[in-house]
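Chemist: model the structure of this input:
(chains A and B)
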Protein chains: 2
Amino acid sequence: VNWALGHRATESSAVCGRCCPQDCAGATAEVFDLVVQLSSALKTKPHAVDFGTVFTDHMLTVEWSVTEGWQAPFIRPFTNLSLHPACSSLHYGIQLFEGFKVYRGDDSRLRLFRPMLNMSRMADSAKRACLPAFDQTELLECIRRLVEVDQDWVPQSDSASLYIRPTFISTEPSLGVKRPGRALLYVILCQAGSYFNSEADAISLWADPKYTRAWKGGTGDCKMGGNYGCSLFAQYEADDYGCQQVLWLYGQDHQITEAGTMNIFLHWINQDGEEELATPPLDGIILPGITRRSILELTRKWGEFKVTERYLTMSQLCCALKQQRVKEMFGSGTACMICPIGRIVYLGENLHIPCRDKQSVTSRLTKELTDIQVGGCPHIC
Amino acid sequence: VNWALGHRATESSAVCGRCCPQDCAGATAEVFDLVVQLSSALKTKPHAVDFGTVFTDHMLTVEWSVTEGWQAPFIRPFTNLSLHPACSSLHYGIQLFEGFKVYRGDDSRLRLFRPMLNMSRMADSAKRACLPAFDQTELLECIRRLVEVDQDWVPQSDSASLYIRPTFISTEPSLGVKRPGRALLYVILCQAGSYFNSEADAISLWADPKYTRAWKGGTGDCKMGGNYGCSLFAQYEADDYGCQQVLWLYGQDHQITEAGTMNIFLHWINQDGEEELATPPLDGIILPGITRRSILELTRKWGEFKVTERYLTMSQLCCALKQQRVKEMFGSGTACMICPIGRIVYLGENLHIPCRDKQSVTSRLTKELTDIQVGGCPHIC
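Modeler: Okay, the predicted model is just below:
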């Protein structure tokens, strides 16, 4: 397989040319005990589909038990899981996931975007969920093998990619609320398509303090399943207000935290008259997004304006909108990458957010990140 | 099967003699489309086991889809579930459960304790989780049939019972964070045994504000899986402090909310010099426990002291302990029923909670609730 070996899209940093060996998707670490069983009947590949509905031909599974430790990783035909009805992933949400993408560039080579950051965040989530530690480098190598097996599924496109979903669940078959004695780590691959159905350029958000996504002392900074399931109810109330996603607020001062399942950025002239790109700090209730981190690194490298991790409240935003100090707002995440925000419904008011133009930070970031991801960027380490 | 028809243990109220027909486990509503497939190989029944580790021979499954609605309920041999690896119960915690018990009295008859309250709470959880509504009476009737099929598993004992675990999960096989288009409701039965391993009479709690179980605007008042998985990490830190469970605090003033997976009660002389049984109010972060409700109803009927749903803070508790105004504290829940609290570790201090004696509220409640549950109480409606 033609991986872009050592290409900067696989590095630990989105901007510098230095390549850490353990972060390089081109590394050829051996996974001696990996078992590969190929499917005898390959699926046809539909052209354009919704995000996360069509899966490739194979999957990776690795079982763990407290008595026997990690078993040999297994690439096998994609199939249903057989789970004990009492397993605590289904009762107590002892589960977590990651999400990243494999891109095929104009040079036909495959690239992962900073995958070791996903491995590391997955390890953090596992610790919080009381699931066992795993070898991050070995897991990434197994994922690369899985992608190789299903490489024909990676589209040649600037706008499409193959989405990788590592999942880690408890398979403890008993009902006491306790640390799992058995677990299953598995990885599935699916067509990414476009995450949002709407053709509209900028999305609309509903901001209401009555629902809270995450809170201090909870799990909002991990990718545990419970963070997502509890968000659905508010999501459908956002629908009722004609909005596509929820803008999650926090605390008495209605701090801006996240938008749907995305981190959020505000490009504005701040209260001190400085041009600033701001996003909420990682204080325990914010998911440490990899796109978020890459945006901070890229824009700091530009050095054109202040780049800050800081608290932002709805009253600060409303005031800035009235004084025409807001340049743009956007969400960031693996699924959507950069998603401009056009409108916020807040306490019965319709707040119109200025739209991006060709010179906007949103447009520049989309182009620079895409260039890195698909390899159009000339910087090779 | 010899159900205790119309017995008060099956009623909507734990104390009054009035029986609401829909609350009566003795009701004989027909479930016309229920399919029963019996197991050809019955398991042996181990004598004494940990809570939730040994399951009976059969289970109930009912499938739902947005296109076809609810399918026929199915009692079948206990077996693993076959789940799509992308199903959103495993990725986004779209899952919930209930827990109640079936008791066999000295008269050999089977009794459920206020089961319609579980059905109703399950419906509330389903709404919050964006899972579909279901017919509560029909589900309870199906559960009764399941218990009948496995009735030999219900022990003849005051201290043991068969635990019923209804579970409701999304089986939506796609990765978008959205309302499930497919779901599975299933019910399994297991030996209850004793929930806590320790032989000690009173449990110890670790109270630290750095972890939060639930928060306003979240799902702490529902039995969604995510509420439990996120509690494990703190549970093991409690272990490190030599405590059995976490005492969950909330807010700047360290409000007392729940203990482990139990509601909590304080029997004390309050700040105004009144004898009071107090438990935190159902303000969105407290699980509306059925044992909690029954305790409030029973003690209000006694009329011997003030019974209050009110906020309690750690500083109020510490002050009352110093002034010897605390009579006792206990947790309540289906698994343990009434569990006395003997010690709390809080900000480096070891708080000793007075222990119960034979005349204590803890002892009286344990006896009265057990009498109702196993049918020793003479009041038949």
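Chemist: what's the neighbour count on the residue in the stretch 251-381 of chain A that chain B sits nearest to?
Modeler: Nearest residue of the stretch 251-381 of chain A to chain B: A:T261, at 5.8 Å (Cβ to the nearest Cβ). The way it works is simple: take the backbone N, C-alpha and C, and place the C-beta from them, glycine included. If you count neighbours by other Cβ atoms under 10 Å in any protein chain shown, A:T261 ends up with 26.
Chemist: and the residue nearest to the spatial centre of chain A, how close does it get to A:L146?
Modeler: Nearest residue to the geometric centre of chain A (Cα atoms, centre = their mean): A:T334, 3.8 Å. Distance from A:T334 to A:L146, counting by Cβ to Cβ, to the nearest Å: 18 Å.
Chemist: go on, A:F100?
Modeler: Relative to A:L146, and taking Cβ to Cβ, A:F100 is found at 13 Å.
Chemist: do the same with A:N350
Modeler: Using Cβ to Cβ, A:N350 is found at 46 Å from A:L146.
Chemist: residue of the stretch 101-250 of chain A closest to chain B, please.
Modeler: Going by Cβ to the nearest Cβ, chain B is nearest to A:G226 of the stretch 101-250 of chain A, at 1.9 Å.
Chemist: pLDDT score assigned to the closest residue in space to that residue that isn't next to it in sequence?
Modeler: Leaving aside its chain neighbours, A:G226 sits nearest to B:G226 (1.9 Å; criterion: Cβ to Cβ, 6 or more residues apart in numbering or on different chains). Confidence at B:G226, expressed as pLDDT, is 96.
Chemist: low-confidence stretches in the stretch 51-200 of chain A?
Modeler: A:194-200 (pLDDT under 70).
Chemist: where do the helices of it begin and end?
Modeler: Counting by DSSP state H, counting those that start in this stretch, the stretch 51-200 of chain A has helices at residues A:88-91, A:115-128, A:136-149.
Chemist: packing partners for the first one?
Modeler: Taking 3 or more Cβ pairs under 8 Å, 6 or more residues apart in numbering or on different chains; DSSP states H and E as contact, the helices and strands that helix A:88-91 lies on are strand A:162-170, helix B:88-91, strand B:95-97, strand B:162-170.
Chemist: partners of the last one in the sheet?
Modeler: Meaning strand B:162-170. Sheet pairing for strand B:162-170, assigned by DSSP bridges, gives strand B:95-97 (antiparallel), strand B:100-104 (antiparallel), strand B:182-191 (antiparallel).
Chemist: put the alpha carbons of that strand into PDB.
Modeler: Provided in PDB are the C-alpha atoms of strand B:162-170 (Å, rounded to 0.1, in the frame of the first residue of the first chain):
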ATOM      1  CA  LEU B 162     -35.100 -12.500  42.000                       C
ATOM      2  CA  TYR B 163     -34.000  -9.300  40.400                       C
ATOM      3  CA  ILE B 164     -35.700  -8.100  37.200                       C
ATOM      4  CA  ARG B 165     -33.700  -6.000  34.800                       C
ATOM      5  CA  PRO B 166     -35.600  -4.400  31.900                       C
ATOM      6  CA  THR B 167     -33.200  -2.800  29.400                       C
ATOM      7  CA  PHE B 168     -33.900  -0.600  26.500                       C
ATOM      8  CA  ILE B 169     -31.200   0.100  23.900                       C
ATOM      9  CA  SER B 170     -30.900   1.800  20.500                       C
END
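Chemist: that strand to helix B:115-128, inter-axis angle?
Modeler: 20 degrees (axes from the mean of the first three to the mean of the last three Cα atoms, to 10 degrees).
Chemist: which parts of the stretch 101-250 of chain A sit against chain B?
Modeler: For the stretch 101-250 of chain A, the residues in contact with chain B (Cβ under 8 Å from any Cβ of the partner chain) are A:127-130, A:163, A:165, A:167, A:169, A:173-179, A:186, A:188, A:190, A:195, A:209-212, A:215-219, A:224-233, A:235-236.
Chemist: just the buried ones from these?
Modeler: A:128-130, A:163, A:165, A:167, A:169, A:173-179, A:186, A:188, A:190, A:195, A:209, A:211-212, A:215, A:217-219, A:224-233, A:235 (16 or more other Cβ atoms under 10 Å in any protein chain shown).
Chemist: narrow these to those in strands?
Modeler: Those of these mapping onto strands are A:163, A:165, A:167, A:169, A:186, A:188, A:190, per DSSP state E.
Chemist: pick out the most distant pair among those.
Modeler: Comparing every pair within those by Cβ to Cβ identifies A:Y163 and A:I169 as the most remote, at 18.5 Å.
Chemist: show me which residues of the stretch 251-381 of chain A sit near chain B.
Modeler: The stretch 251-381 of chain A comes close to chain B at residues A:260-261, as judged by Cβ under 8 Å from any Cβ.
Chemist: residue ranges in the stretch 251-381 of chain A under the pLDDT threshold?
Modeler: Applying pLDDT under 70 to the stretch 251-381 of chain A flags residues A:356, A:358, A:376-381.
Chemist: in it, which spans are strands?
Modeler: With strands called from DSSP state E, counting those that start in this stretch, the stretch 251-381 of chain A shows them at A:255-259, A:262-269, A:275-279, A:306-309, A:326-333, A:337-346, A:349-352.
Chemist: is it true that A:L146 touches A:R165?
Modeler: No: in this structure, A:L146 is not within contact of A:R165 by Cβ atoms under 8 Å, at 11.1 Å.
Chemist: okay, and the common contacts of these two?
Modeler: The contact sets of A:L146 and A:R165 overlap at A:187, A:189 (Cβ atoms under 8 Å, 6 or more residues apart in numbering or on different chains).
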